[in-house]
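Colleague: model this:
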Amino acid sequence: MHIAVSGNIGSGKTTLTGLLAKHFKWTPHYEDVEDNPYLDDFYREMQRWSFNLQIYFLNSRFRQIINFREQEQDVVQDRTIYEDAHIFAPNLHAMGLMPNRDFENYQALFELMERFIQAPDLLIYLRASVPTLVDQIQKRGRDYENNISIEYLNRLNERYEAWISQYDKGQLLIVNVDENKFALNPEDLGDIIHNIDSKLNGLF
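Modeller: Numbering: from 1, shown residues only. Got it, this is the predicted structure:
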């Protein structure tokens, strides 16, 4: 079984992935942040490194999905390949930070990869307002995130909402992070777990 946690930068994906893995005894798979060779450069000079970064993420998540199939484990994944293709890369292109030829190359590669993958059995979307995102980004204190602008977060949020409104690849659970403080409140986490149980019981 493949569960995925999606959401904007700072929405709490990594935290929820760990909490769900612990509760359900799922194998967690995290986004490659600490060892990513492009992140620091990207946030300093987005136009120069946007294509490199997106290709790195695309390759990393495609490899994860293939490994899920081979290992036959119940997994919970921090961010999906669909977010790269439908949100981050198109946003960089729209902002003029990824040239047309790079974006077209990226899209063609994703479309090829998509033929070989399956969507998650359940997608959990963490919906958060920009003030909540900014607050959580500041609290975790990653140096390379200091240059993220509110405009950038706003643009991503708009794309997330557009993507989720049309998502039809599998079961979907939306969590309002402005109200549900699962990292701090066990009752809020319990609500998410209850909703996951309800969703998954309908799969079998």
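
Colleague: C-alpha from now on. contacts and neighbour counts both.
Modeller: Fine.

Colleague: residue 158: which element?
Modeller: In the assignment (DSSP states H and E), residue 158 maps to helix 150-165.

Colleague: most centrally placed residue in the protein?
Modeller: residue 79 (2.6 Å; CA atoms, centre = their mean).

Colleague: hey, C-alpha coordinates of the helix or strand bottoming out on mean pLDDT in the chain in CSV?
Modeller: When each helix and strand of the chain is scored by mean pLDDT, DSSP states H and E, helix 39-44 comes last, with a mean of 85. Taking C-alpha atoms only, helix 39-44 is exported to CSV below (Å, rounded to 0.1, in the frame of the first residue of the first chain):
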residue,chain,number,x,y,z
LEU,A,39,18.9,23.3,-3.1
ASP,A,40,21.3,25.9,-1.8
ASP,A,41,22.2,27.0,-5.3
PHE,A,42,18.6,27.1,-6.4
TYR,A,43,17.4,29.4,-3.6
ARG,A,44,20.3,31.7,-4.3
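
Colleague: report the distance from the helix or strand following that helix to the chain centre.
Modeller: Following helix 39-44 in sequence order, the next helix or strand is helix 46-71 (DSSP H and E). Relative to the centre of its chain, helix 46-71 is centred 12 Å away, using CA atoms, centre = their mean, to the nearest Å.

Colleague: next one: stretch 88-97
Modeller: 17 Å.

Colleague: and it, how far apart are its ends?
Modeller: 11 Å (CA to CA, to the nearest Å).

Colleague: buried residues in it, which are they?
Modeller: 88, 89, 90, 91, 92, 93, 97 (16 or more other CA atoms under 10 Å).

Colleague: please identify the helix or strand for the third one.
Modeller: Spelled out, that is residue 90. Short version, using DSSP H and E: residue 90 is in helix 89-94.

Colleague: now that helix: average pLDDT?
Modeller: Helix 89-94 carries an average pLDDT of 95.

Colleague: could you point out which element follows it?
Modeller: The C-terminal neighbour of helix 89-94 among helices and strands, as given by DSSP H and E, is helix 100-114.

Colleague: where in the protein is pLDDT low?
Modeller: 32-34, 144, 146-147, 202-204 (pLDDT under 70).

Colleague: rerun at 90
Modeller: For the chain, the stretches flagged by pLDDT under 90 are 1, 30-46, 60, 64-73, 118, 136-150, 152, 199-204.

Colleague: picking that back up, and the least confident helix or strand of the chain, what does it pack onto?
Modeller: helix 46-71 (3 or more CA pairs under 8 Å, 6 or more residues apart in numbering; DSSP states H and E).

Colleague: right, I'll leave it there.
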